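K.L.:
What follows is a predicted structure for the sequence shown.
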Amino acid sequence: MLTRIPLAALIGLFFTALFFLLAIFAPLIAPYGYDEVVSPGFWEPASAEHLFGTDNIGRDLLSRMIYGLRTTIWIATLATILSFTTGAVLGFLAAVFGGWVDQALSRFVDLVMSIPSLILALVILSVTPVTVLVLILIMGFLDSTRVYRLARAVAVDINVMDFVEAAKLRGEGRIWVIFREILPNALSPLVAEMGLRFIFMVLFISTLSFLGLGIQPPTADLGGMVRENSEGLTYGIGAALYPAITIALLAISVNLVADWVLSRTTSLKGGRG
């Protein structure tokens with residue numbers, strides 16, 4: 001089975017699984033707590049006791065990165081699930097109902113997409129409490145517009161196929177058609193797209209944290225760690241580079257998996273009828 005998977009996809013699967021395992025078992029793997037000051041000095045070099053050294057206030061950098069990875073993946077995963085649930089359902093409804101429902105939803109999505117996501121998120125976060133729940137809701141809402149466009153486009157093509165028309169002639173309702181005919185045949189492109197949207201969520205939350213409107217200290221977050229240790233770059237200290245490299249590796253590994261899934265996307269299959 002593994003011999004049929006391309007090398008790039010295997011590498012992506014390995015690192016993706018590694019990152020998720022680190023996130024799940026962070027309390028068991030991290031040598032120290034995420035906010036535990038373990039050294040009187042700051043930005044200490046790597047040593048046997050602190051493999052990546054310490055950060056700007058003397059916390060173990062490796063432990064912070066493990067917990068930061070957990071926070072980033074947790075928020076990105078929940079926001080991705082929210083965006084796909086919302087976007088896919090609304091996209092299918094627009095395609096099946098058509099008429100004013102389609103026009104109202106599509107024009108609203110066009111309006112939201114006309115504003116850059118980062119700018120809109122910054123505006124909303126500047127007037128709302130910055131909590132994990134608020135971040136997930138904002139990220140999920142903004143990204144659901146992209147999912148809506150994809151889901152609607154796929155559903156419009158499926159909705160005119162023979163097996164869907166046959167279901168309608170049998171008297172099946174629209175909700176039945178959506179979940180029994182359209183959804184099973186739209187899963188392949190949606191699953192492939194989910195990986196790409198997850199990457200976007202990782203970069204989005206990291207960007208917000210870097211700008212100071214994401215995860216708030218002392219909670220560990222990869223983007224926030226880059227911001228906290230960025231001053232060290234002036235003195236040749238690479239503490240900000242480790243979390244930045246981790247963000248890049250996470251994005252690349254998930255992208256390799258998503259590309260492989262996308263390449264295996266099959267043509268549309270008939271429904272159960």
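P.N.:
Happy to help now that I have it.

K.L.:
all strands of the chain, in order?
P.N.:
Here the chain has no strands by DSSP state E.

K.L.:
Give me the below-cutoff pLDDT ranges for it.
P.N.:
The model of the chain has pLDDT under 70 over residues 1-3, 265-273.

K.L.:
Next, work out how far apart the residue nearest in space to the middle of it and L135 are.
P.N.:
Nearest to the mean C-alpha position of the chain, counting by C-alpha atoms, centre = their mean, stands F198 at 2.4 Å. According to C-beta to C-beta, to the nearest Å, F198 stands 15 Å off from L135. C-beta coordinates here come from the backbone N, C-alpha and C atoms, glycine included.

K.L.:
How about L51?
P.N.:
30 Å.

K.L.:
who has more neighbours, the two?
P.N.:
Here L51 and L135 are compared on neighbour count by other C-beta atoms under 10 Å; more neighbours surround L135, at 24 against 12.

K.L.:
I figured that one hits I205, correct?
P.N.:
Yes: with contacts counted by C-beta atoms under 8 Å, L135 reaches I205, the gap being 6.7 Å.

K.L.:
Common neighbours of the two, please.
P.N.:
75, 79, 214-215 (C-beta atoms under 8 Å, 6 or more residues apart in numbering).

K.L.:
List the buried residues in stretch 129-141.
P.N.:
130, 132, 135-141 (16 or more other C-beta atoms under 10 Å).

K.L.:
Oops, could you answer that again for stretch 159-170 instead?
P.N.:
Buried residues in stretch 159-170 (16+ other C-beta under 10 Å): 159, 161, 164, 167.

K.L.:
Export these as TSV, with columns for distance to P40.
P.N.:
TSV is the format used below for the buried residues of stretch 159-170 (distance: C-beta to C-beta, whole Å):
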residue	distance to P40
N159	66
M161	69
V164	68
A167	70
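
K.L.:
Just the ones of those in helices?
P.N.:
159, 164, 167 (DSSP state H).

K.L.:
before we move on, the earlier item: would you mind measuring from the closest residue to the residue nearest to the centre of the chain other than its chain neighbours to I136?
P.N.:
Nearest non-adjacent residue to F198, counting by C-beta to C-beta, 6 or more residues apart in numbering: T80, 4.7 Å away. The gap separating T80 from I136 is 10 Å, by C-beta to C-beta.

K.L.:
can you check I158 too?
P.N.:
30 Å.

K.L.:
same check, this time on L82
P.N.:
6 Å.

K.L.:
do the same with A153
P.N.:
26 Å.

K.L.:
what do you get for S39?
P.N.:
For S39, the distance to I136 - C-beta to C-beta - is 34 Å.

K.L.:
With L241 instead?
P.N.:
Taken as C-beta to C-beta, the span from L241 to I136 is 28 Å.

K.L.:
Off-centre distance for the lengthiest helix in the chain?
P.N.:
In the chain, taking DSSP H as the definition, the longest helix is helix 61-97. Taking the mean of its C-alpha atoms, helix 61-97 sits 5 Å from the chain's own mean (C-alpha atoms, centre = their mean, to the nearest Å).
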